[in-house]
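[1] Following is a predicted model, sequence given first.
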Amino acid sequence: MKNIDITHDTSFIESLEEKLDQDGPFSSWDLFKMAYDSELTTITQDFHGLRALEFLPHMNFLPHQIETARQAIEDMNGRAILADEVGLGKTIEAGLIMKEYMIRGLAKKILILVPASLVNQWVKELNEKFYIPAASFRKSYPWDQYDIIVTSIDTAKRSPHREEILNIHYDLILIDEAHKIKNHKTKNYAFVRALKKKYCLLLTATPVQNQLIEIFNLVSILKPGHLGNYESFLEKYGRDRKKINQDVYLKHLVQKVMVRNTRKDTKLDTTKRHIETIWVDFTPEEYEVYNELDKTFQPFSSFSKITFLRELCSSREACYLSLKKFVNDEEHHGREALQPIIDKIGQLPHHAKAQKVVDLVKQIGDEKIIIFTEYRASQLYLQWYLQQHGITSVPFRGGFKRGKKDWMKQLFQDKAQVLIATEAGGEGINLQFCHYMINYDLPWNPMRLEQRIGRIHRYGQENDVYIYNFAIRNTLEEHIMKLLYEKIALFEKVIGHLDDILAELNIESFENEVKSIMNESSSTGEVKIKLDNLAAIIHNANQNTAQEEPRYGN
């Protein structure tokens, strides 16, 4: 081994000796003592415990949030997957970790990558709750001038931003909704892997969705090689999700980089869910049109017909516009047969379900209510119909730009009684100030329903939440309600293990499975039989598996 040359810096000692010889000049003893004392008060004696708590007296952290932050810093060296269930405060945990590293002087340059719709929400929470001076990206400002920047991964990975970001050495990288980068073959994954980072936090409520290799990919962002290489991992564990629980060694390795808290673990059940099914009857005219549409086999496929029937169960507007578009499409033959049905739909009275919504809103009284619908046409119709009955509302949908979404949320909180959201509202926005929800249309996937409920039944909710699920009798909606929800018995608890059951049955996507049933059936009667079979299979698998949700973390 070569000798190491050590050079001593003697300039300070020489300067001190010179001043001692010349009797000064010295700084004031009082000033020196003040500087010395102030340094003692801020110096970190050791790296155990969280100093950030002293600087955030206005925050009421839950025990699991403090423990998660401590674990991520002390046991995982700031490289961790925060995988709490929806609504347990992953953002709070991440903010606490970030604040701790800033106070310790270990993190100054921070990049936060979140879905575009959540950028402003992250900036607001970090500013107001943690006093962290985060800012959202602006085109006119160079990346290296930001200390703490919040942006979307889509913006960050585009040129010329990509090249600038990859040249910066970040102290801490945070990625929200990290399950969206689980595929190692995507540009998003390659971009995140290439970032220069000292600490890294990945936030996701679903660390493993379909295949075990997804957890390998996420862990490889934090600690490359921690789970071996791609080929050896696949060879040893395959793609079986259950291996994460069955293989003690693998589980131990994952626990070194991931913390997962569940509602059951945290006892965060101070607020309860009250779920009620609201049954609606069509008017005779509506049933007549529904049955006529159901009996029409040509000129469209079974899946198209079922889509039209679902739209008719939502609003005449949604179905009318879809059928008109279908008729105007030159590729379809036999369209003339639909014109009488379209004319009848146009003459229908106000929708029975919409009238029931008005009755329920008035019954609930002066409370904030969020209504979810599957269709934009139904959203516009509901907004107009509520207005006719003196009920104020604002819309919320995916097509809105970030600023408009913030405005809609603020108007809902301050002015309007009702927020009418399409599926875009099921992800990202926090609405703890509201505790009433109406599912005007039910999604085919119960997991999507859980995402909706998670908007109001989450950390910070102080009231019991009330969920009303609408369904029209003697229609496809009744069957979806009774089989896909009541029979699987998923309403009364947080949906934790449905993903595992589906994986066991080799069903990659619940929604796609239902769609394939729709596509391959020649009538709604056949659809009902197949849905019945699917629900029975899932119900039996549910009975046969352990009721406890898979524990990837502690």
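    Looks like it came in fine.
[2] Just want the phi and psi numbers for residue 149.
    Residue 149 adopts backbone torsions of phi -120, psi 140, taken as degrees, to the nearest 10.
[3] just checking, what's the longest helix in the chain?
    In the chain, ranked by residue count with DSSP state H as the criterion, the top helix is helix 524-544.
[4] In terms of secondary structure, what does that one contact?
    Under the contact criterion of 3 or more Cβ pairs under 8 Å, 6 or more residues apart in numbering; DSSP states H and E, helix 524-544 touches helix 302-314, helix 476-479, helix 498-504, helix 510-520. For every residue, glycine as well, the C-beta is placed using N, CA and C.
[5] so how far is it from its chain's centroid?
    28 Å (Cα atoms, centre = their mean, to the nearest Å).
[6] Quick one: mean pLDDT for whatever helix or strand residue 191 lives in?
    Assigned by DSSP states H and E, residue 191 belongs to helix 187-194. If you average the pLDDT over helix 187-194, you get 88.
[7] Now do it: everything it contacts.
    113, 153, 156-157, 162, 166, 173, 175, 180-183, 217, 220-221 (Cβ atoms under 8 Å, 6 or more residues apart in numbering).
[8] From those, which land in helices?
    Among these, the members falling in helices (DSSP H) are 153, 156, 162, 166, 217, 220-221.
[9] Give me the buried subset of those.
    153, 156, 162, 217, 220-221 (16 or more other Cβ atoms under 10 Å).
[10] Could I get those residues in CSV, plus columns for pLDDT and distance to residue 413?
    Formatted as CSV, those follow (pLDDT from 0 to 100; distance: Cβ to Cβ, whole Å):
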residue, pLDDT, distance to residue 413
153, 89, 28
156, 90, 30
162, 89, 36
217, 85, 38
220, 86, 41
221, 86, 36
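[11] residues contacting residue 200?
    Each residue near residue 200 by Cβ under 8 Å, 6+ apart is listed here: 78-80, 172-175, 221-222.
[12] partners of the host helix or strand of it, with directions?
    In this structure, residue 200 sits in strand 196-203 according to DSSP H and E. With DSSP bridges as the test, strand 196-203 is paired with strand 79-82 (parallel), strand 169-175 (parallel).
[13] Okay, buried residues for it please.
    Buried-residue list, strand 196-203, by 16+ other Cβ under 10 Å: 197-203.
[14] measure stretch 381-395 end to end?
    The stretch stretch 381-395 measures 11 Å between its terminal residues, going by Cα to Cα, to the nearest Å.
[15] on that earlier part again, now flag whichever of the ones in helices among the contacts of helix 187-194 is closest to residue 355.
    Taking Cβ to Cβ as the measure, residue 355 lies nearest residue 153 of the ones in helices among the contacts of helix 187-194, at 43.6 Å.
[16] which residues of the stretch 351-500 of the chain fall in strands?
    Ranges of strands in the stretch 351-500 of the chain, per DSSP state E, counting those that start in this stretch, are 369-372, 393-396, 418-421, 436-439, 465-472.
[17] Next, the angle from the longest helix of the chain to helix 302-314.
    80 degrees (axes from the mean of the first three to the mean of the last three Cα atoms, to 10 degrees).
[18] State the pair within the buried residues of strand 196-203 that is farthest apart.
    Within the buried residues of strand 196-203, 198 and 203 form the most distant pair, 17.9 Å apart (Cβ to Cβ).
[19] Columns distance to residue 273 and mean neighbour count on top of the strands of the stretch 351-500 of the chain, output as a markdown table?
    Output for these, formatted as a markdown table (distance: least, Cβ to Cβ, whole Å; neighbours: other Cβ atoms under 10 Å):
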| stretch | distance to residue 273 | mean neighbour count |
| --- | --- | --- |
| strand 369-372 | 14 | 25 |
| strand 393-396 | 22 | 22 |
| strand 418-421 | 19 | 26 |
| strand 436-439 | 10 | 23 |
| strand 465-472 | 5 | 21 |
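[20] Reformat the ones you listed as TSV; add mean pLDDT and distance to residue 253.
    Below are these laid out as TSV (pLDDT from 0 to 100; distance: least, Cβ to Cβ, whole Å):
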stretch	mean pLDDT	distance to residue 253
strand 369-372	92	39
strand 393-396	88	41
strand 418-421	90	40
strand 436-439	92	39
strand 465-472	90	37
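[21] between those strands, which gets nearest to residue 139?
    Going by Cβ to Cβ, the one of those nearest residue 139 is strand 393-396, 26.1 Å.
[22] Who are the packing partners of that closest one?
    Counting contacts by 3+ Cβ pairs under 8 Å, 6+ apart, strand 393-396 is packed against helix 376-388, helix 402-414, strand 418-421.
[23] Using a markdown table, please lay out the ones you listed together with distance to residue 134.
    Below are those laid out as a markdown table (distance: least, Cβ to Cβ, whole Å):
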| stretch | distance to residue 134 |
| --- | --- |
| helix 376-388 | 32 |
| helix 402-414 | 15 |
| strand 418-421 | 26 |
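[24] Name the stretch among those that sits most buried.
    strand 418-421 (a mean of 26; mean count of other Cβ atoms under 10 Å).
[25] average pLDDT across stretch 16-23?
    On average, stretch 16-23 scores 82.
[26] For that stretch, give me every contacting residue.
    Contacts of stretch 16-23 (Cβ under 8 Å, 6+ apart): 25-26.
[27] Repeat that for stretch 338-349.
    Residues from elsewhere that reach stretch 338-349, judged by Cβ under 8 Å, 6+ apart: 283, 285-286, 288-289, 292-293, 296, 299, 312, 316, 319-320, 323-324, 326-327.
[28] Need the buried ones from these selected in ChimeraX.
    Of those, the buried ones can be selected in ChimeraX as follows, counting by 16+ other Cβ under 10 Å:
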select :286,289,293,312,316,319,320,323,326,327
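[29] Select from the contacts of stretch 338-349 every entry located in helices.
    Mapping the contacts of stretch 338-349 onto helices (DSSP H) picks out 285-286, 288-289, 292-293, 312, 316, 319-320, 323-324, 326-327.
[30] In terms of helices and strands, where is residue 5?
    Assigned by DSSP H and E, residue 5 belongs to neither a helix nor a strand.
[31] What count of nearby residues applies to it?
    Neighbours of residue 5 under the rule other Cβ atoms under 10 Å: 5.
[32] Same question for residue 31.
    Quick note: residue 31 (other Cβ under 10 Å) scores 9 neighbours.
[33] mind checking the SS state of it?
    Under DSSP: H, G, I helix; E, B strand; the rest coil, residue 31 falls in the helix class.
[34] now swap in residue 48 and tell me
    On the basis of three-state DSSP, residue 48 is classed as coil.
[35] how close does it sit to residue 257?
    20 Å (Cβ to Cβ, to the nearest Å).
[36] re the thing from before, closest to residue 440 out of the helices and strands packed on strand 393-396?
    Shortest separation from residue 440 across those is recorded for helix 376-388, at 7.0 Å, computed as Cβ to Cβ.
[37] what does that closest one rub up against?
    For helix 376-388, the surrounding residues in contact (Cβ under 8 Å, 6+ apart) are 311, 314-318, 321, 350-351, 354, 357-358, 361, 371, 373, 392-395, 397, 418, 420-422, 440-441.
[38] one more time with 7 Å, if that's ok
    For helix 376-388, the surrounding residues in contact (Cβ atoms under 7 Å, 6 or more residues apart in numbering) are 314-315, 317-318, 321, 350, 354, 357-358, 371, 373, 393, 395, 397, 418, 420, 422.
[39] next one: stretch 150-169
    Stretch 150-169 has contacts (Cβ under 7 Å, 6+ apart) with 109, 111-116, 119, 122-123, 134, 136-137, 143-144, 187-188, 191, 194-196.
[40] Mind checking which of those are buried?
    Buried members of the contacts of stretch 150-169, counted by 16+ other Cβ under 10 Å: 109, 111-115, 119, 122-123, 134, 136-137, 143, 188, 191, 195.
[41] Just name the closest of the residues you listed to residue 213, please.
    residue 188 (16.2 Å).
[42] Quick check: that closest one vs residue 142, distance?
    Distance of residue 188 to residue 142, given as Cβ to Cβ: 23 Å.
[43] Many thanks, I have nothing further to ask.
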